[in-house]
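Trainee: The sequence and its predicted three-dimensional model are supplied below.
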Amino acid sequence: MASYKILVAEDCEDVSKMLRRVIEIMGAEEHMTWQFCSNLKDLEELHLSLEPDLILSDISFPDGDSLSLLNRLSQDGKLDGKLLVAYTSYDYRHIPEAKIFDSYISKDTDPLQVINTCMSLVRNL
């Protein structure tokens, strides 16, 4: 049974499918629970119901940006003890609101490495 929970917030269906396929091929779901969402409303709802150990999140969504949502949740104390990893094509580290992220993974990164990095980070909690 999976002891860690990872929430992946990604609005691009092709990227989500690719990550899901890599998780399946690796057998990563045997070690961790993986949940996907594609918009900020679902990100907030799943975060509250799933209580993930790690959130891998794209920044830009059609309905806004995850920076605002995650900063609000953090200020409300709802992200305590959770790892936040930005999964993005653009380096947002220079933006003060982006300091909330513990790590960054470029979308240019091999999907296998993305999944391995998430698994490694969460195991080090």
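Mentor: Looks like it came in fine.
Trainee: got the contact list for the most centrally placed residue in the chain?
Mentor: Nearest to the mean C-alpha position of the chain, counting by Cα atoms, centre = their mean, stands residue 56 at 1.2 Å. Contact analysis of residue 56 by Cβ atoms under 8 Å, 6 or more residues apart in numbering lists 6, 7, 8, 9, 10, 85, 87, 105, 114, 118. Where C-beta positions appear, they are placed from N, C-alpha and C, glycine not excepted.
Trainee: try residue 61
Mentor: Residue 61 touches 9, 11, 38, 39, 40, counting by Cβ under 8 Å, 6+ apart.
Trainee: So the closest residue to the first one other than its chain neighbours versus residue 25, what's the distance?
Mentor: When you say that, I think you mean residue 9. Spatially, and ignoring its direct neighbours in sequence, residue 9 is nearest to residue 57 (4.1 Å; Cβ to Cβ, 6 or more residues apart in numbering). As defined by Cβ to Cβ, to the nearest Å, residue 57 lies at a distance of 23 Å from residue 25.
Trainee: Have a look at those two and say which one is more surrounded.
Mentor: Neighbour count, other Cβ atoms under 10 Å: between residue 57 and residue 25, residue 57 has more, with 25 against 11.
Trainee: pLDDT score assigned to the more buried one?
Mentor: pLDDT, residue 57: 97.
Trainee: Residue 27 versus the residue nearest to the centre of the chain, what's the distance?
Mentor: Note on residue 56: its distance to residue 27, by Cβ to Cβ, is 18 Å.
Trainee: go on, residue 71?
Mentor: 35 Å.
Trainee: quick one, which of the two is more surrounded?
Mentor: Between residue 71 and residue 27, counting by other Cβ under 10 Å, residue 71 is the more crowded of the two (17 against 8).
Trainee: Please identify which helix or strand holds the more buried one.
Mentor: Assigned by DSSP states H and E, residue 71 belongs to helix 66-75.
Trainee: name the helices or strands packed onto that helix?
Mentor: On a contact count with 3 or more Cβ pairs under 8 Å, 6 or more residues apart in numbering; DSSP states H and E, helix 66-75 meets helix 40-50, strand 54-57.
Trainee: Check which helices and strands the helix or strand just after that helix sits against.
Mentor: Note on helix 66-75: by DSSP H and E, the next helix or strand toward the C-terminus is strand 83-88. For strand 83-88, the contact count by 3+ Cβ pairs under 8 Å, 6+ apart identifies strand 54-57, strand 103-106, helix 111-123 as packing neighbours.
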